[in-house]
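**Q** Kindly generate the corresponding structure for this input.
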Amino acid sequence: MSDSKELIRTEADGGISFGNYELDKKSKLSDYEYEGDLYKVKTFKEITKLERNGMFVYESVPGTAVTGMKFLSDGVSFTVEGAEDVQITLGMEEDTEYKVILDDVNVGNMTTNLGGKLSFSVELEQAEQVKVQILRV
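**A** Residues are numbered from 1 along each chain as shown. Next up, the predicted model:
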């Protein structure tokens with residue numbers, strides 16, 4: 001994704017892709033329509049953020065590129081790419097337990113806080129991609 005000039009796009013399979021961790025200065029795009037909602041992305045090498053209708057969806061520190069994000073009835077799935085290890089926070093249902101799966105390995109269950117935020121780390125090497133699945137238990 002990082003070789004793309006688009007900050008956000010809809011994939012042929014229906015997923016949404018966004019972010020560019022190779023940018024030196026902050027870039028943003030607002031009012032991108034996807035499945036009837038309006039999305040806003042802010043991204044560069046230090047952080048990537050995604051909002052849906054003004055509500056928090058995704059944040060990574062440092063910045064990442066996300067491909068094929070799909071919102072499922074019981075969670076979310078996507079592939080993440082970055083230049084180094086990353087901390088990801090997702091906006092999910094509040095006070096709910098989720099199974100975190102990285103590259104098809106269950107790394108454990110986590111419960112969101114009252115704000116519905118779920119935070120976890122992903123180990124990335126230069127341009128490595130990791131498949132992420134977050135599924136309600």
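
**Q** Once you drop chain neighbours, what's closest to the residue most central in space within the chain?
**A** Geometric centre of the chain, nearest residue: residue 58, 4.8 Å, by Cα atoms, centre = their mean. Using Cβ to Cβ, 6 or more residues apart in numbering and skipping the chain neighbours, the partner closest in space to residue 58 is residue 50 (4.1 Å). C-beta: built from backbone N, CA, C; applies to glycine.

**Q** ok, the helix or strand where the one you found lies: who's next to it in the sheet?
**A** Taking DSSP states H and E as the definition, residue 50 sits inside strand 47-52. Note on strand 47-52: by DSSP bridges, its sheet partners are strand 37-44 (antiparallel), strand 55-61 (antiparallel).

**Q** how about the ones you listed in CSV, adding mean pLDDT?
**A** Shown next, in CSV, are these (pLDDT from 0 to 100):
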stretch, mean pLDDT
strand 37-44, 97
strand 55-61, 97
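
**Q** Mind putting those strands into JSON lines with distance to residue 85?
**A** Output for those, formatted as JSON lines (distance: least, Cβ to Cβ, whole Å):
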{"stretch": "strand 37-44", "distance to residue 85": "18"}
{"stretch": "strand 55-61", "distance to residue 85": "10"}
